[in-house]
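Colleague: need coordinates for the below:
(chains A, B, C and D, ligands or ions: 4)
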There are 2 protein chains.
Amino acid sequence: MEYKKILKRKKLKITPKRIAIINYFLKKDKYATPFDVWIYLKKNFKKIGLPTIYRNLEEFEKIGILTKIKGEENRFYYGICKMLNKKHHHHIICTSCHKISDFELCNFEQIKGEIEEMTNFEIKEHQFFLKGICKDCKEGGVNEKI
Amino acid sequence: MEYKKILKRKKLKITPKRIAIINYFLKKDKYATPFDVWIYLKKNFKKIGLPTIYRNLEEFEKIGILTKIKGEENRFYYGICKMLNKKHHHHIICTSCHKISDFELCNFEQIKGEIEEMTNFEIKEHQFFLKGICKDCKEGGVNEKI
DNA sequence: ATCTAAATAGAAATAATTTCTATTTAGATA
DNA sequence: TATCTAAATAGAAATTATTTCTATTTAGAT
Ligand SMILES: [Zn+2]
Ligand SMILES: [Zn+2]
Ligand SMILES: [Zn+2]
Ligand SMILES: [Zn+2]
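Modeller: Ligands and ions are numbered 1, 2, ... in the order given. Model (predicted):
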């Protein structure tokens, strides 16, 4: 598990629950709410609190293991980030099955300067937020869930 | 008020509160939570409910008058969209004063196809999410609030 | 095997958002 | 201008998401 290395590097202890959370996202490969994660983990950990989930998801986002996104309703979702290398990249979400993929191609730098001039802002950070339909869903694929 | 026209076109009634909400955002020119809006409108409308604010902000987002964004904490913010024409555009937010500006320059189409190939997604929608520092803040400008 | 700081459980508080019903009102129409 | 109706609102309450707190447990260092 490459993710363990990251936890170590970031001085986070490797607990069974943390591993389970990461595995959940790896297996599911789709975005999920803290509540979703909780419901699932409860199968294997009779005693697990929702605050534990919230705390860990937040930490995982900080260290780049997860990305946090605004779902269609007023809730936040998390999805796993497969690009553990530090490289610049963005994510795309399937509006049908909520799968998340990442990609590195980015041409934002080309227009950054011009936008800065036009808006009088100094740009510090950019994110692409892409939505689409994944191949599986396009082909009417089954929507296997965890 | 160009915004009135939009309300009419969208069959929304023009009520004093709706006008006040739009004016609030126009004058403030920064993003705000429903709660912020409520506190402000209460000055002029002794009787105004928070649900009214929520309802209207949501409607305004639907018709393109406002944009909804995820703030630094777990809350949603709204900012006014000055580009009432239907043209494709994006927004940039000042992390210091929360001002929102819009701009039309976008080169995403150039890489869209390649991303679709690489990810096997059919891209339906893209948003840029930019953060930066506005000119006023860079110059240590006063942070006049409404 | 022992120790300590970090992680967790569990309960409770807080805060955001939505729902519901009775009342009011914008704007259409006569 | 007066009347009417669907849309908008108030106000209270419910629901849901998220955070905080304290006592207890545990990972990993020694
Ligand atoms: Zn899909
Ligand atoms: Zn980029
Ligand atoms: Zn600013
Ligand atoms: Zn664009």
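Colleague: in the helix or strand of chain A with the lowest mean pLDDT, what counts as buried?
Modeller: Least confident element among the helices and strands of chain A, by mean pLDDT, DSSP states H and E: strand A:66-70 (a mean of 86). Of the residues in strand A:66-70, A:66-69 count as buried by neighbour count, 16 or more other Cβ atoms under 10 Å in any protein chain shown. Every C-beta, even on glycine, is put in place using the N, C-alpha and C of the backbone.
Colleague: ok, residues contacting that strand?
Modeller: For strand A:66-70, the external contacting residues (Cβ atoms under 8 Å, 6 or more residues apart in numbering or on different chains) are A:25, A:31, A:57, A:60-61, A:76-81, A:91, A:93, A:100, A:129, B:70, B:76.
Colleague: let me know the angle separating that strand from strand B:66-70.
Modeller: Between the axes of strand A:66-70 and strand B:66-70, defined by axes from the mean of the first three to the mean of the last three Cα atoms, to 10 degrees, the angle is 150 degrees.
Colleague: sheet partners, orientation included, of strand A:66-70?
Modeller: The strands beside strand A:66-70 in its sheet (DSSP bridges) come out as strand A:76-80 (antiparallel).
Colleague: which SS class is A:Lys131?
Modeller: The three-state assignment at A:Lys131 reads strand, by DSSP: H, G, I helix; E, B strand; the rest coil.
Colleague: that one reaches A:Ile92, doesn't it?
Modeller: Yes: contact status for A:Lys131 versus A:Ile92: in contact at 7.1 Å, counting by Cβ atoms under 8 Å.
Colleague: ok, those two, which is more surrounded?
Modeller: Neighbours were counted for A:Lys131 and for A:Ile92 using other Cβ atoms under 10 Å in any protein chain shown; A:Ile92 has more, 25 against 16.
Colleague: state whether the more buried one is indeed within a strand.
Modeller: Yes: counting by three-state DSSP, A:Ile92 falls inside a strand.
Colleague: can you tell me the closest non-neighbouring residue to it?
Modeller: The shortest distance from A:Ile92 to any residue other than its chain neighbours is 3.9 Å, reached at A:Leu130 (Cβ to Cβ, 6 or more residues apart in numbering or on different chains).
Colleague: show me what contacts that neighbour?
Modeller: Contact analysis of A:Leu130 by Cβ under 8 Å, 6+ apart lists A:90-93, B:115, B:121, B:123, B:125-127.
Colleague: now render the residues you listed as JSON lines, adding pLDDT.
Modeller: Output for the contacts of A:Leu130, formatted as JSON lines (pLDDT from 0 to 100):
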{"residue": "A:His90", "pLDDT": "92"}
{"residue": "A:His91", "pLDDT": "90"}
{"residue": "A:Ile92", "pLDDT": "92"}
{"residue": "A:Ile93", "pLDDT": "90"}
{"residue": "B:Ile115", "pLDDT": "97"}
{"residue": "B:Phe121", "pLDDT": "96"}
{"residue": "B:Ile123", "pLDDT": "96"}
{"residue": "B:Glu125", "pLDDT": "92"}
{"residue": "B:His126", "pLDDT": "94"}
{"residue": "B:Gln127", "pLDDT": "89"}
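Colleague: the least confident helix or strand of chain A vs strand A:90-94, what angle?
Modeller: Using the same axes, to 10 degrees, strand A:66-70 lies at 60 degrees relative to strand A:90-94.
Colleague: what mean pLDDT does stretch A:30-49 have?
Modeller: Stretch A:30-49 shows a mean pLDDT of 92.
Colleague: what about A:Leu84, how many neighbours?
Modeller: A count of nearby residues for A:Leu84, using other Cβ under 10 Å, gives 14.
Colleague: from A:Phe129, how far out is it?
Modeller: For A:Leu84, the distance to A:Phe129 equals 21 Å [Cβ to Cβ, to the nearest Å].
Colleague: the closest residue to ligand 3 within chain A - nearest residue in space that isn't next to it in sequence?
Modeller: Here chain A gets closest to ligand 3 at one residue, A:Phe121, 8.1 Å apart by Cβ to the ion. In space, and not counting its chain neighbours, A:Phe121 is closest to B:Gly132: 4.1 Å by Cβ to Cβ, 6+ apart.
Colleague: per-residue pLDDT of that neighbour, please?
Modeller: Looking at B:Gly132, its pLDDT stands at 93.
Colleague: show me what the strand or helix carrying A:Leu41 is packed up against.
Modeller: Assigned by DSSP states H and E, A:Leu41 belongs to helix A:34-44. Counting contacts by 3 or more Cβ pairs under 8 Å, 6 or more residues apart in numbering or on different chains; DSSP states H and E, helix A:34-44 is packed against helix A:16-28, helix A:50-62, strand A:76-80.
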